[in-house]
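**Q** Whatever this is, show me its structure:
(chains A and B)
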Amino acid sequence: MKIDPGLDGKVAIVTGGSRGIGRAIVLMLAGEGCDVTFFYRGNSDAAAEVVASGDGRAKGEQVDVRDTAACAAAVERVAERCGRIDILVNNAGIIRDNQLAALEDDDVTDVLSTNVGGVFNVTRAVVPHMIVQRAGRIINLSSVSATKGGRGQTNYAASKGAVEAFTRALAVELASRKINVNAVAPGVIDTEMSQDVRELAGDTIKAKILLKRFGTPEDVACAVWFLASAYASYVTGEVLHVDGGFKME
Amino acid sequence: MVEAPIAQDEINAVFPKVAETMADALGCDVEDIKPNVSLIEGLDAESIDFLDMVFRLERAFKIKIPRGKIVENARGDLPEAEFEQKGIVTEKGMAQLRTYLSEVPADRFKTPMKVVDIPRLFTPETFCKLVIRAQREQPAAA
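**A** The predicted structure is shown next:
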């Protein structure tokens, strides 16, 4: 039996899509035939590279997900152009790791306003379209930090814990409209964002990962692909861990 | 600013499209959408259905209806403390509600009324008036 993943022709929005995990998600969905609009905050060169690699199906929009009005306007532009929005991947996120006592106010507010506020802003703009369509997939990027304590990550862990709670609550709210809401929780992934952690304690961390390697952005993109596809039509309110077994140790 | 009264003709003009849109949102026959039927008790609408109706009406009429403002609008100029106390609508508040929701049959205004139960009063005509108010607030097309 072969099941069509059902992604060809779907309209997707991916936040934080110019680098790292977001870039891999954009390229994977575009490769499957989705019309993908990705949001990026500032790196225009990286965004241009993603557009160039996206088989003509990836478009970049410079949007700061902390800006409610900018998110609403960008989502409306996608809806106007494409007539619908089928998939939302809330991937934009930042880290400002430090011991709690050493965190500045900005370290806390920047992480929460991007990682949690951004999810609210973009999702609030997208959901009306999905409610009317009576269909949609929302996939939020969480982290192993939401469930596994990590030194210097109180701000980041709190933000990702919030994303997981948000995911479950929204899944309940939108189930009657056939909108599935799930999260993917990556472990330590080989990206620019985790570079400091890997350089500082790479061997120690790797020793605790059951599969003895860091993940790749594509490992995470595959999980997003699954949750966006027809294969996951009966999955909602879940957190899919993509961490090589890191959380088990 | 005092709002100009909404004439029955205005309501009649938008009602067919409102009814069609509401029937789509609720998955019922358009014939079931009577102007004064209670959306919750008569048509089994849930809170998500209200949002669905608002989104569809915005598209159908090319208007913007402020989110979550329906109850707030019903309060009019009355300060919140005078409109409700501990979640129960005051006497003044009830008078304001009767004026704002003039389309709702009088016997449905039961006291004491909880603020959270105000949507139980809403009817398709309530949404017709929402549409008309939104149309009035919209800048005229050039």
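
**Q** alpha carbons only for contacts and neighbour counts from here, please
**A** OK.

**Q** in the lengthiest helix in chain B, what's buried?
**A** Counting by DSSP state H, the longest helix found in chain B is helix B:8-26. Residues of helix B:8-26 classed as buried by neighbour count (16 or more other CA atoms under 10 Å in any protein chain shown): B:11, B:14-15, B:17-26.

**Q** nearest to chain A, of those residues?
**A** B:A25 (7.7 Å; CA to the nearest CA).

**Q** what's the average pLDDT for the longest helix of chain B?
**A** Averaged over helix B:8-26, pLDDT sits at 96.

**Q** again with stretch B:76-94
**A** 92.

**Q** what's near enough to touch the residue nearest the centre of chain B?
**A** Nearest residue to the geometric centre of chain B (CA atoms, centre = their mean): B:T126, 3.2 Å. Contacts of B:T126 were listed using CA atoms under 8 Å, 6 or more residues apart in numbering or on different chains, and they are B:101, B:103.

**Q** That one sits in which helix or strand?
**A** Using DSSP states H and E, B:T126 falls within helix B:124-137.

**Q** Restricting to C-alpha, output that helix in CSV.
**A** The C-alpha atoms that make up helix B:124-137 are tabulated as CSV, following Å, rounded to 0.1, in the frame of the first residue of the first chain:
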residue,chain,number,x,y,z
PRO,B,124,-28.7,35.9,13.6
GLU,B,125,-30.1,39.4,13.7
THR,B,126,-27.4,40.3,16.3
PHE,B,127,-24.8,39.4,13.6
CYS,B,128,-26.7,41.4,11.0
LYS,B,129,-26.3,44.4,13.2
LEU,B,130,-22.6,43.6,13.7
VAL,B,131,-22.2,43.6,10.0
ILE,B,132,-24.0,46.8,9.5
ARG,B,133,-22.0,48.5,12.3
ALA,B,134,-18.7,47.3,10.7
GLN,B,135,-19.9,48.5,7.3
ARG,B,136,-20.6,51.9,8.7
GLU,B,137,-17.2,52.1,10.3
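
**Q** What residues of it count as buried?
**A** B:124-135.

**Q** export those to TSV and tack on pLDDT?
**A** Converted to TSV, these look like this (pLDDT from 0 to 100):
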residue	pLDDT
B:P124	96
B:E125	94
B:T126	92
B:F127	94
B:C128	95
B:K129	92
B:L130	91
B:V131	94
B:I132	94
B:R133	90
B:A134	91
B:Q135	93
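
**Q** and the closest residue in space to A:W225 that isn't next to it in sequence, how many neighbours does it have?
**A** The shortest distance from A:W225 to any non-neighbouring residue, by CA to CA, 6 or more residues apart in numbering or on different chains, is to A:L29 (6.9 Å). Per other CA atoms under 10 Å in any protein chain shown, the neighbour tally for A:L29 reads 29.

**Q** same for the strand or helix carrying A:L29, what does it pack against?
**A** Remark: A:L29 resides in helix A:20-31, with elements defined by DSSP H and E. Counting contacts by 3 or more CA pairs under 8 Å, 6 or more residues apart in numbering or on different chains; DSSP states H and E, helix A:20-31 packs against strand A:11-15, strand A:35-40, helix A:44-53, strand A:58-62, helix A:217-228.

**Q** would you put the C-alpha positions of the helix or strand bottoming out on mean pLDDT in chain A in PDB?
**A** Within chain A, no helix or strand scores below helix A:195-208, which has a mean of 82 by mean pLDDT, DSSP states H and E. Output of helix A:195-208 as PDB, limited to C-alpha atoms (Å, rounded to 0.1, in the frame of the first residue of the first chain):
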ATOM      1  CA  GLN A 195      27.200  25.800  18.100                       C
ATOM      2  CA  ASP A 196      28.200  27.300  21.500                       C
ATOM      3  CA  VAL A 197      26.700  24.400  23.400                       C
ATOM      4  CA  ARG A 198      28.300  21.800  21.100                       C
ATOM      5  CA  GLU A 199      31.700  23.500  21.400                       C
ATOM      6  CA  LEU A 200      31.500  23.800  25.100                       C
ATOM      7  CA  ALA A 201      30.300  20.400  26.000                       C
ATOM      8  CA  GLY A 202      29.900  18.500  22.800                       C
ATOM      9  CA  ASP A 203      31.600  15.200  23.900                       C
ATOM     10  CA  THR A 204      29.700  15.100  27.200                       C
ATOM     11  CA  ILE A 205      26.400  15.700  25.500                       C
ATOM     12  CA  LYS A 206      27.100  13.200  22.700                       C
ATOM     13  CA  ALA A 207      27.900  10.600  25.400                       C
ATOM     14  CA  LYS A 208      24.400  11.000  26.700                       C
END
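
**Q** returning to what we had before: restricting to the buried residues of helix B:8-26, which residues neighbour chain A?
**A** B:A25 (CA under 8 Å from any CA of the partner chain).

**Q** Would you convert the buried residues of helix B:8-26 into JSON lines that also reports distance to A:G150?
**A** As requested, the buried residues of helix B:8-26 are exported to JSON lines (distance: CA to CA, whole Å):
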{"residue": "B:I11", "distance to A:G150": "60"}
{"residue": "B:V14", "distance to A:G150": "58"}
{"residue": "B:F15", "distance to A:G150": "58"}
{"residue": "B:K17", "distance to A:G150": "56"}
{"residue": "B:V18", "distance to A:G150": "53"}
{"residue": "B:A19", "distance to A:G150": "55"}
{"residue": "B:E20", "distance to A:G150": "54"}
{"residue": "B:T21", "distance to A:G150": "51"}
{"residue": "B:M22", "distance to A:G150": "50"}
{"residue": "B:A23", "distance to A:G150": "51"}
{"residue": "B:D24", "distance to A:G150": "49"}
{"residue": "B:A25", "distance to A:G150": "46"}
{"residue": "B:L26", "distance to A:G150": "47"}
